[in-house]
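In: What shape does this take:
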Amino acid sequence: MNYRLTLLLASAFLACASCRAQIPGVAELHVAANVPSTNDFRPFLIRDLTAYLKPTHGDKLTVDYELLRDGPTQGGVAYPKFYLWLRATNAEKTVIEGAVRVAAIEKKRFDITDFVPRTDVVSHPDALDRIFPQAVIEKILTKAGVKK
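Out: Okay, here's the model as predicted:
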């Protein structure tokens with residue numbers, strides 16, 4: 001009986017190990033299937049950030065961003081994520097700044113999954129922990145002018 005259990009566990013371990021070895025390839029394929037081309041990346045991202053801000057900040061927006069991490073973050077089968085610092089101005093010259101997480105979808109668009117305005121970063125920096133990786137949080141705090 002113990003021999004069969006040992007054999008079953010060994011087989012399961014080997015099966016899991018071979019699955020894990022394939023994950024990087026699957027992740028790369030998932031990124032390639034969802035992240036827009038270099039030529040489309042910036043225009044699509046500006047378009048989708050503008051559309052996200054438009055309902056609360058008006059039509060005449062000038063939007064720019066800075067990537068906080070080179071390349072996408074891929075976790076499991078989720079859409080690839082990008083982390084950015086957003087800076088926009090509207091017709092009244094009001095500055096809108098904050099940390100953003102977006103998901104690249106089917107090479108056609110970005111979904112804004114989270115937007116944390118600069119004022120919230122300053123007043124509640126620990127709220128970033130549930131959204132952003134630690135290395136990105138450090139950059140966000142610096143951009144927001146939060147002293148560590």
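In: CA atoms for contacts and neighbours, from now on please.
Out: OK.
In: quick one, what contacts residue 144?
Out: By CA atoms under 8 Å, 6 or more residues apart in numbering, the residues touching residue 144 are 98, 118, 121, 122.
In: Report all helices and strands that the helix or strand containing residue 116 contacts.
Out: Using DSSP states H and E, residue 116 maps to strand 109-117. For strand 109-117, the packing partners by 3 or more CA pairs under 8 Å, 6 or more residues apart in numbering; DSSP states H and E come out as helix 38-57, strand 95-105.
In: Looking at the ones you listed, which is nearest to residue 128?
Out: Among the helices and strands packed on strand 109-117, strand 95-105 comes nearest to residue 128, with 9.0 Å by CA to CA.
In: The closest one: which residues count as buried?
Out: The neighbour-count check on strand 95-105 (16 or more other CA atoms under 10 Å) flags 96, 97, 98, 99, 100, 101, 102, 103, 104, 105 as buried.
In: about what we covered before: would you turn the helices and strands packed on strand 109-117 into TSV with mean pLDDT?
Out: Listed next are the helices and strands packed on strand 109-117 as TSV, based on pLDDT from 0 to 100:
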stretch	mean pLDDT
helix 38-57	96
strand 95-105	97
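In: With distance to residue 79 as added columns, please give these in TSV.
Out: Shown next, in TSV, are these (distance: least, CA to CA, whole Å):
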stretch	distance to residue 79
helix 38-57	15
strand 95-105	6
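In: Indicate which one of these is closest to residue 131.
Out: Smallest distance to residue 131 across those (CA to CA): 7.8 Å, for strand 95-105.
In: Next, the angle from that closest one to helix 38-57.
Out: Relative orientation of strand 95-105 versus helix 38-57 (axes from the mean of the first three to the mean of the last three CA atoms, to 10 degrees): 130 degrees.
In: neighbouring contacts of strand 95-105?
Out: 34-36, 79-89, 110-118, 121, 131-132, 140, 144.
In: Poorly predicted segments of the chain, please.
Out: 1-24, 26, 148 (pLDDT under 70).
In: Now with 90, please.
Out: By pLDDT under 90, the low-scoring segments of the chain are 1-33, 59, 74-78, 90-94, 147-148.
In: quick one on the thing from earlier: are any of the contacts of residue 144 buried, and which?
Out: Looks like the contacts of residue 144 have 98, 118, 121 buried, using 16+ other CA under 10 Å.
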